[in-house]
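Asker: here's a sequence, model it:
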Amino acid sequence: MPTYEFVCEKCKKPFTLIMKIAEHEKKNFRCPKCKSKKVTQMIAGFQTITSKKS
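Answerer: Alright, predicted model coming up:
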């Protein structure tokens, strides 16, 4: 499952959520600390593993 990074606009705390793409499309995110819905998704890097050798 993909990992998404957010920052809360209310308490300014960054947090990470692991969720399915379908859950992400619902856009029902809450800050785990203050429970605010005012969150902004941050751009994060990613890594992938393939079976082919480069």
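
Asker: where in this structure is the helix or strand with the lowest mean pLDDT?
Answerer: helix 21-25 (a mean of 89; mean pLDDT, DSSP states H and E).

Asker: tell me the first helix or strand C-terminal of that helix.
Answerer: Using DSSP states H and E, the helix or strand that follows helix 21-25 in sequence is strand 39-42.

Asker: for that following strand, output the C-alpha coordinates as CSV.
Answerer: What follows is strand 39-42, C-alpha atoms only, in CSV (Å, rounded to 0.1, in the frame of the first residue of the first chain):
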residue,chain,number,x,y,z
VAL,A,39,-4.4,18.9,6.3
THR,A,40,-2.1,19.4,3.3
GLN,A,41,-0.5,16.5,1.4
MET,A,42,3.3,16.9,1.0
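
Asker: residues in contact with it?
Answerer: Tyr4, Glu5, Phe6, Val7, Cys8, Glu9, Pro14, Phe29, Arg30, Cys31 (CB atoms under 8 Å, 6 or more residues apart in numbering). Every C-beta, even on glycine, is put in place using the N, C-alpha and C of the backbone.
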